[in-house]
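# Following is a predicted model, sequence given first.
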Amino acid sequence: MNVITLVHGRERQLDNVIRGLERGSLMPEAFWVVFMNQPARDLHSECFPIHCLVVDDASHGLPLARARNAVRQREGEQWVFLDVDCIPGESLLSDYAAALSEMPESLHLGEVRYLPSTAQMEGWTHATLARDGVAHPLSQYRGAPGSLLPHHLFWSLNFACTRTVFERIGGFDEGYLGYGAEDTDFAFSARRQGVELRTAAAQAFHQYHPTWRPPLNHFSAIVANAQRFHQRWQEWPMEGWLGEFVELGLVSWSARSLQILRQPTDAEVDACLDRAGSGF
């Protein structure tokens, strides 16, 4: 089983991902780290091989889709995609191994618990992560492990599939740059190909970082990616955020069109910063 993580910056978070894997009940066959728009770091583990790839984009947007697709030519039949902010739980890989063995033709979505700004990160253990992690409000829609999920609830922080399923879906659309909609597009492609989305017990713990509500810090990327998504699927993603952009007078949005009216000011971006420290 191969684990794939995309990185831009986030050195401390990446070190915690490696530490989490080393403390797991099942070791990966290999850990693939794809560095985006930066040189690779020298990484090593006594427990498993670590391979580093570099994907650059001249536009300076983060090439998330192309970075995920970069593993397509590599070895391994079972793939776990883990966000660099997500420390794997102790049984994450063994839970995915069981899910993929039982239902290899499905796309499997693990669970993410969020670590607030008050979480103990110095000298963390899986026990302290479990103690401090908080469920995301949307987790109420998850059923028992193995349950079917609507494809629009897919989130790419923590998921797994076989190489065969990834190729059947067609990988990630590399026309998306930066934050927003590329993972929903992937899930819609899975649905079009008849690939079911199922919950998995595999748990990860999202390391705290500041968040914005709505995410005006990603405003331009969200609008551009929403426009691409609509062109491909004839419906709008991220409707909650787009509606908030309308209320702020930033965009004009209708059933067929989305246009930027103006960029958010620095003060507007700052006002959206979540100061509660929830991390989601």
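It's in. Just so you know, these numbers come straight off a predicted model, no measurement behind them.
# my guess is Leu21 is in a helix, correct?
Yes - secondary structure assignment (DSSP: H, G, I helix; E, B strand; the rest coil) places Leu21 inside a helix.
# Where do the strands of the stretch 101-250 of the chain begin and end?
Counting by DSSP state E, counting those that start in this stretch, the stretch 101-250 of the chain has strands at residues 107-114, 134-135, 158-162, 197-206.
# number of nearby residues for Gln231?
By the criterion of other Cβ atoms under 10 Å, Gln231 has 9 neighbours. Every residue, glycine included, has its C-beta placed from N, CA and C.
# State the distance from it to Ser220.
Distance check for Gln231 against Ser220: by Cβ to Cβ, to the nearest Å, it reads 17 Å.
# got it, and Asp185?
As judged by Cβ to Cβ, Asp185 and Ser220 stand 18 Å apart.
# neighbour count winner among these two?
Shown here are Asp185 and Ser220; by other Cβ under 10 Å, Asp185 has more neighbours (22 against 16).
# quick one, what contacts the closest residue to the more buried one other than its chain neighbours?
Once its chain neighbours are removed from consideration, Asp185 has its nearest residue in Asp173; the separation is 5.2 Å (Cβ to Cβ, 6 or more residues apart in numbering). Taking Cβ atoms under 8 Å, 6 or more residues apart in numbering as the definition of contact, the neighbours of Asp173 are Ala65, Glu182, Asp185, Phe186, Ser189, Arg228, Arg232.
# Repeat the analysis, applying 10 Å as the threshold.
Contact analysis of Asp173 by Cβ atoms under 10 Å, 6 or more residues apart in numbering lists 65-66, 69, 181-182, 185-186, 188-189, 225, 228-229, 232.
# for Ile169, same thing?
Ile169 makes contact with Leu107, Cys161, Phe186, Ala187, Phe188, Ser189, Ala190, Arg191, Arg192, Gln193, Val195 under the criterion Cβ under 10 Å, 6+ apart.
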